[in-house]
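Asker: no sequence for this one, just the structure:
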């Protein structure tokens, strides 16, 4: 590789933890990176426009981009007990959302895809208006009565009670109970045009970066906290502990089964285009 790879990922603690060693040149023989920070709604759009070499995106966007990008077998966010939550101002039941306004972080996010699958089964008559808001505005909007409910991700799992909100439903819990599979959230993809040798080299470098972060968590702490947007360090640690796990090092059979299961089920509901048989193949 003769030029740095253009890569975009979020400033969230799990991403900065995963990429710290690689982004700072501490992974031997790894490709050089030119890093851009962007929320996942932005990187989903970048992927659809083919703008960067490497991106962190929602698994839900894969059906639109896998002709040009390969799903890397490491570096992403997938696990158990880490799903998006539906929050409300008062305790209630799923049926209470019928006809109500719900704020979501992105219409192409995995969270929203899971929500649509859940609502189709659990909310008779369906929810009402969907409003897309930046992630950080959703909990205040629910608290202040601007929307009836909000779909939240990331560290909101640990902080929603600070806003006086209630968890109406856990999308991850619903997914795991109905499928037995871990929940796929965020994927690392890279341009197929880089070629198989470069893709293998990149995947090996990302996996090494993950292992180095686990071996010496303190080394990544300045990078994590620099971009954590005033997040409490304890919450940042919880965030990393939840979203960086064995599936980050290697998707494995269960990981690939979860991704294919989600996208196949969504395609059957007409929510995403169907996947080709080899669409998830790395190289």
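Answerer: Ah, there it is. Keep in mind it's a predicted model, so treat the numbers as computed, not measured. Residues are numbered from 1 along each chain as shown.
Asker: contacting residues for residue 199?
Answerer: 70, 72, 190, 192, 282, 283 (Cβ atoms under 8 Å, 6 or more residues apart in numbering). For glycine as for every other residue, the C-beta is placed from the backbone atoms N, C-alpha and C.
Asker: Out of those, the closest to residue 206 would be?
Answerer: residue 72 (6.6 Å; Cβ to Cβ).
Asker: Following element in sequence after the helix or strand containing residue 103, please.
Answerer: Here residue 103, judged by DSSP states H and E, is contained in strand 102-104. Sequence-wise, the next helix or strand downstream of strand 102-104 (DSSP H and E) is helix 110-122.
Asker: ok, residues contacting that following helix?
Answerer: So helix 110-122 is in contact with 58-60, 83-84, 86, 94-95, 97, 102, 104-106, 126-127, 130, 151, 153, 169, 171-172, 174-175, 183-186, 262, 265-266, 269, 271-272, going by Cβ under 8 Å, 6+ apart.
Asker: Among the residues you listed, name the buried ones.
Answerer: Neighbour counting by 16 or more other Cβ atoms under 10 Å classes 58-60, 83-84, 86, 94, 97, 102, 104-106, 127, 151, 153, 169, 171-172, 174-175, 183-186, 262, 265-266, 271-272 among the contacts of helix 110-122 as buried.
Asker: In helices, which of these appear?
Answerer: Within the buried ones among the contacts of helix 110-122, residues falling in helices by DSSP state H are 171, 172, 174, 175, 262, 265, 266.
Asker: among those, which two are most distant?
Answerer: Pairwise over those, using Cβ to Cβ, the maximum falls at 172 and 266, 15.6 Å.
Asker: what's the pLDDT at residue 230?
Answerer: The model reports residue 230 with a pLDDT of 62.
Asker: count of neighbours near the residue lying closest to residue 243 once chain neighbours are set aside?
Answerer: Of all residues not flanking residue 243 in the chain, residue 14 sits nearest, at 3.9 Å (Cβ to Cβ, 6 or more residues apart in numbering). Using other Cβ atoms under 10 Å, residue 14 is surrounded by 28 other residues.
Asker: what about residue 14, helix or strand, and which?
Answerer: If you go by DSSP H and E, residue 14 is part of helix 13-23.
Asker: on that earlier part again, and which of the contacts of residue 199 is nearest to residue 145?
Answerer: The closest of these, once distances to residue 145 are taken by Cβ to Cβ, is residue 72, at 42.0 Å.
Asker: beta partners for the nearest residue to the closest one once chain neighbours are set aside?
Answerer: In space, and not counting its chain neighbours, residue 72 is closest to residue 188: 4.4 Å by Cβ to Cβ, 6+ apart. Beta-bridge partners recorded for residue 188 (DSSP bridges): residue 56.
Asker: what packs against the helix or strand of the chain with the lowest mean pLDDT?
Answerer: None of the helices or strands of the chain scores lower by mean pLDDT, DSSP states H and E than helix 156-159, at a mean of 84. Counting contacts by 3 or more Cβ pairs under 8 Å, 6 or more residues apart in numbering; DSSP states H and E, helix 156-159 packs against strand 85-88, helix 135-143, helix 233-243.
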